[in-house]
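In: Provided below are the primary sequence and the corresponding predicted coordinates.
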Amino acid sequence: MTTIAPNSSSRRDPRGRQTLSDVGRELLKDSEIAAMLPTVVRDFPHVVNNLAAVWNQPPLVNGIFDKLLLSDRDGRQGFPLAVVVELSELRNFYHQRIIPTLAKGDPWHDKAKKGVVGDEPTLGIATRRGTGFRL
């Protein structure tokens, strides 16, 4: 597993949009992860940056996934479907491949799966209180 330094800053392109940070680029060196996120990387690089900054801390990563894929805030349009699918695939990958590689004695390991309610096993779309959508 790649260790990612959380203190790398992001940049902005000439139009003022945020670009990938050093930690975001480091995360995308994993070709499986990069292949899962083409739309997210192109349109929402700050999401990659935020995930990369806490990648080795499952409770924090789970919190980010929850905030991205579940919205309790009114008036939010949400992500395009392609982005939701990509983030859901990454979430599944994270739970199936990254969390199990953490040492069992690591304090993050015991807390890794907390806060996730009602996973859709094939798509990884989390729902709360039976609400949400399924594809």
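Out: All right, it came through fine.
In: mind listing the helices for this protein?
Out: 22-27, 31-36, 38-43, 45-53, 58-69, 81-93, 107-111 (DSSP state H).
In: Quick check: which ranges of the protein have low pLDDT?
Out: Within the chain, the stretches with pLDDT under 70 are 1-17, 73, 102-135.
In: Not counting its neighbours along the chain, what's nearest Q18?
Out: In space, and not counting its chain neighbours, Q18 is closest to H46: 4.7 Å by Cβ to Cβ, 6 or more residues apart in numbering. Where you see a C-beta, it was placed from the backbone N, CA and C, and this is true even at glycine.
In: ah, wrong one, I meant D43
Out: With Cβ to Cβ, 6+ apart as the criterion, D43 has its nearest non-adjacent residue at 6.9 Å, and that residue is V83.
In: give me every residue that touches the one you found.
Out: Residues near V83 by Cβ atoms under 8 Å, 6 or more residues apart in numbering: T39, V40, D43, F44.
In: Which one (most neighbours) among those residues?
Out: V40 (22 neighbours; other Cβ atoms under 10 Å).
In: Now do the contacts for that one.
Out: Neighbouring residues of V40 by Cβ under 8 Å, 6+ apart: V47, V48, V83, E86, L87, L90.
In: my guess is the first one contacts L87, does it?
Out: Yes: taking contacts as Cβ atoms under 8 Å, V47 lies within contact range of L87: 7.5 Å.
In: Looking at those two, which is more packed in?
Out: L87 (24 against 21).
In: Now flag whichever of the contacts of V83 is closest to D30.
Out: Distance ranking of these against D30, using Cβ to Cβ, places V40 first at 14.1 Å.
In: Could you report the separation of that closest one from N62?
Out: 17 Å (Cβ to Cβ, to the nearest Å).
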